[in-house]
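>>> With the sequence up front, the predicted model follows.
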Amino acid sequence: MTTAVDPHVAHDPLPWAERVYQAVLDVALFCLGLFLLFSTAGTALALTTLVVLFVAQPQRVWRLQPWREPLIAIGLVLFAYIALRTLSGDISRSAAGAINHYHELLMVPVVWCLLRLSRRPQVFINGLILGCLLLAAAHWLAPLNDKLAWFLHTRRVSAGFGLAICAFLFFEHARLGRIPRRL
């Protein structure tokens, strides 16, 4: 008798280095999703870890060719335009700082590649959903604590961005039939 086996379970055992890589990647993706809504420091640490993991696998990243995706290509062209336009005036520390404000355009291909290299890409969504639940709980408690209310006020752009990502992911998963449409 044959049984259906989940393709993520039915694979050969991974070498030790790949298991460690996948474990660190899982934690970093989960933390990125969790902290994206309200923690600049947590997001920065997660993104730094992801960049290190990205650089550690140049052959695998090259095979994925992220620049061939239209959205990523547009972001890279936009970043190049911003960098060239900023550096055309002067090459200084302040110009580099101004360019650094747009580093998210470089993070899109990094995260895109790492989500494709991950054996469990859903950990990012799990972290994002947990972050949304924590943010909702914090908003319910904010009227009781002025410091929490001020903290949430200072994070409204990050929270809005994270909630928009979460809503988009729910919409896409419902559209593709991965979750019930009523959610």
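Perfect, I can see it now.
>>> The closest residue to residue 31 other than its chain neighbours and residue 139: what is the separation?
Nearest residue to residue 31, sequence neighbours excluded (CB to CB, 6 or more residues apart in numbering): residue 46, at 4.2 Å. Backbone N, C-alpha and C define where each C-beta goes, glycine included. As judged by CB to CB, to the nearest Å, residue 46 and residue 139 stand 23 Å apart.
>>> more neighbours, those two?
Just comparing residue 46 and residue 139: by other CB atoms under 10 Å the higher neighbour count belongs to residue 46, 24 against 13.
>>> show me where this protein has helices.
Along the chain, counting by DSSP state H, helices occupy 16-35, 40-55, 58-64, 70-89, 93-100, 104-117, 122-141, 146-154, 156-175.
>>> Out of those helices, which gets nearest to residue 182?
helix 156-175 (8.4 Å; CB to CB).
>>> name the helices or strands packed onto the closest one?
helix 122-141 (3 or more CB pairs under 8 Å, 6 or more residues apart in numbering; DSSP states H and E).
>>> which outside residues touch the helix it packs on?
Contact with helix 122-141 is made by 26, 29-38, 115, 148, 151-152, 159, 162-163, 165-166, 169, as judged by CB atoms under 8 Å, 6 or more residues apart in numbering.
>>> got it, and stretch 105-115?
For stretch 105-115, the external contacting residues (CB under 8 Å, 6+ apart) are 25, 28-29, 32, 47, 50-51, 53-54, 60-61, 64, 66-67, 69, 71-72, 75-76, 78-79, 82, 121, 124.
>>> so where's the chain uncertain?
Applying pLDDT under 70 to the chain picks out residues 1-14, 183.
>>> Fine by me, we can end here.
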